[in-house]
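Enquirer: my questions concern the predicted model and sequence given below.
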Amino acid sequence: MSDQFLWMLAALAALAAGLWAWRHWHHRSFWLAVGYPITAISVWASWRKVALGCGLTKKRHRLWFTTVPGLVASTGVVRVRRKWQRIAVDTKPFMWLPLPTRYGWRVTLHTLEGQIPTDYAEVAERLAHSWGVHAVRVSSDKPGRVRIAVTLRDPLVKVHELPPSTELLKVTVGRLETGKPWDIDFKTVPHWINAGATQSGKSNLANALIVGLAPQPVALVGFDLKGGVEFTPYAPRLSALATTRAECGGLLDDLVALMTDRMGVCRMAGARNIWQLPPTLRPVPVVVLVDELAELYLMADKSEKEEVASTSTALLRVAQLGRAFGIYLFCCGQRIGSDLGPGVTALRSQCSGRICHRVNDPETATMTLGDLDPAALDSARAIAAETPGVAIVAGQDGQWYRARSFYVSEQTAEHAAKTYADLAPSWDEVMAEQPQQAPDSQTA
Ligand SMILES: Nc1ncnc2c1ncn2[C@@H]1O[C@H](COP(=O)(O)OP(=O)(O)OP(=O)(O)O)[C@@H](O)[C@H]1O
Ligand SMILES: [Mg+2]
């Protein structure tokens, strides 16, 4: 081998190692400078083939310069000639230039006649395989346009913590697939359902909420129907804790009474909700965390029917009227099926915040995310057991997202509960309507 060849090999190896190191240590700049331009060109160049393969093309008549059989020569050979002809060709949807995003790229397409965004959503998986990417999400913000967002790799395999939110009743609990923070904001979405199979990450999310809400001037109430094993360690920061259905019933009666009192205060002050009250009159917001919602509805025998009915009615009333009067619900459960009774279905319709972790039965996914895009259900069913904390989230803006909560251990939540124990108003103080110390002036 000549020296020149060896030098070339060495230079290529050095270049490959340099690129690898760049990609490894600073993936973002590598993606923008190298990965994205190559991807954009290849996506653009192959779009006709991909659209054809995914069934997104339409036949249109076009003037095409093509070969046609001509005369048969005396030798018997058919001579061909080229001429312009109107023939049916496959036309692809017009594609704008793909633009880079944090975890991949996005592009706008013009739909062809007769196409709707659902046609694109239905072939999202085919597109993902054709482009060799982790996921393709389809949305449409304008008639005739479809937005395709591509994520190259699953950004939720490892999520780095974000700074905590400083707004009242808003907690940054994780990260969305788009890279944006996953916020649970009770003032925007007052009631939440948090569903998922065992070990899917429900309690981790409740821990994240406790850590986020503990330093805020809010009263926390725990309904722990797992006999108290989940929330008892956080008791120092809780204003009330119920561990049986009977205790929950008692607390719910208190909450309904509290709501009625607050209604009176608002009515007298001419306010529609507690946020319109002057700060000196404004009562403390109450966040109710429920773990194992199904236990509130299950009946071993007929004798429990009345208890279940009254608990279910009180919870529903809190859900219906709580928003205006500063009472918010966060209900966790493994199964939230309609077989638990009409109370659950009615409660579900009041909870506009939906979180669906990995589920075992499709019915829970359907109950949790039911009225969303069917792709959200497929996505929920595809959550792997190896990634606890990953969930499909719907709420704030009517869209659904894949997201993952930050890991918050029981020890961290317990530590936060102890650190901010002095911020917990006693239940008697809450019931006596002590206005909060540092009220927020924003409207709910
Ligand atoms: N976001 C996350 N990141 C990393 N690990 C997580 C995350 N969420 C949960 N886990 C892990 O998964 C395990 C199960 O989580 P968690 O206890 O929250 O599940 P669960 O849904 O409440 O289960 P169960 O129904 O049995 O109470 C936890 O021990 C934790 O180690
Ligand atoms: Mg749990």
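Expert: Good, I have the coordinates. Ligands and ions are numbered 1, 2, ... in the order given.

Enquirer: so which elements touch the helix or strand of the chain with the lowest mean pLDDT?
Expert: One helix or strand of the chain scores below all others by mean pLDDT, DSSP states H and E: strand 58-72, with a mean of 80. Under the contact criterion of 3 or more C-beta pairs under 8 Å, 6 or more residues apart in numbering; DSSP states H and E, strand 58-72 touches strand 78-91. To be clear about C-beta, it is placed using only N, CA and C from the backbone, and glycine gets the same treatment.

Enquirer: so for the helix or strand following the strand it packs on, what gets flagged as buried?
Expert: Per DSSP states H and E, strand 78-91 leads on to strand 99-101 as the next helix or strand towards the C-terminus. Across strand 99-101, burial judged by 16 or more other C-beta atoms under 10 Å covers 100-101.

Enquirer: how about residues contacting strand 99-101?
Expert: With C-beta atoms under 8 Å, 6 or more residues apart in numbering as the test, strand 99-101 has contacts from 31-32, 36, 40, 105-107, 149, 178-179.

Enquirer: pipe those residues into TSV and attach distance to A319 per row.
Expert: Listed next are the contacts of strand 99-101 as TSV, based on distance: C-beta to C-beta, whole Å:
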residue	distance to A319
W31	44
L32	46
Y36	46
A40	48
W105	41
R106	37
V107	41
A149	33
T178	29
G179	32
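
Enquirer: restrict those to those that also contact ligand 2, please.
Expert: Contacts with ligand 2 within the contacts of strand 99-101, counted by C-beta under 5 Å from the ion: none were found.

Enquirer: ok, and the most crowded of the residues you listed?
Expert: W105 (22 neighbours; other C-beta atoms under 10 Å).

Enquirer: if I read this right, that one contacts Y36, doesn't it?
Expert: Yes: between W105 and Y36 there is a contact under C-beta atoms under 8 Å: 6.5 Å.

Enquirer: now do the shared contacts for the two.
Expert: P98.

Enquirer: show me what contacts M299?
Expert: 305, 308.

Enquirer: quick one on the thing from earlier: JSON lines for the contacts of strand 99-101, including secondary structure?
Expert: Shown next, in JSON lines, are these (DSSP: H, G, I helix; E, B strand; the rest coil):
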{"residue": "W31", "secondary structure": "helix"}
{"residue": "L32", "secondary structure": "helix"}
{"residue": "Y36", "secondary structure": "helix"}
{"residue": "A40", "secondary structure": "helix"}
{"residue": "W105", "secondary structure": "strand"}
{"residue": "R106", "secondary structure": "strand"}
{"residue": "V107", "secondary structure": "strand"}
{"residue": "A149", "secondary structure": "strand"}
{"residue": "T178", "secondary structure": "coil"}
{"residue": "G179", "secondary structure": "coil"}
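
Enquirer: which member of those residues is positioned nearest D291?
Expert: T178 (29.0 Å; C-beta to C-beta).

Enquirer: which residue sits closest to that closest one, ignoring its sequence neighbours?
Expert: In space, and not counting its chain neighbours, T178 is closest to Y401: 6.8 Å by C-beta to C-beta, 6 or more residues apart in numbering.

Enquirer: let me see the mean pLDDT of the helix or strand in which that neighbour is found.
Expert: Element membership for Y401, per DSSP H and E: strand 400-405. What strand 400-405 shows for mean pLDDT is 92.

Enquirer: same question, stretch 345-353
Expert: 90.

Enquirer: what sits up against that stretch?
Expert: 184, 189-193, 312, 315-316, 319-320, 329, 331, 336, 338, 367-368, 394-395.

Enquirer: which of those fall in helices?
Expert: 312, 315-316, 319-320, 367-368 (DSSP state H).

Enquirer: in terms of pLDDT, where does the closest residue to ligand 2 within the stretch 151-300 of the chain sit?
Expert: Per C-beta to the ion, S203 is where the stretch 151-300 of the chain lies closest to ligand 2, at 3.1 Å. The model reports S203 with a pLDDT of 94.

Enquirer: helix or strand: which one has it?
Expert: helix 202-213.

Enquirer: again, but for A380
Expert: Using DSSP H and E, A380 sits within helix 374-381.

Enquirer: average pLDDT for that helix?
Expert: On average, helix 374-381 scores 82.
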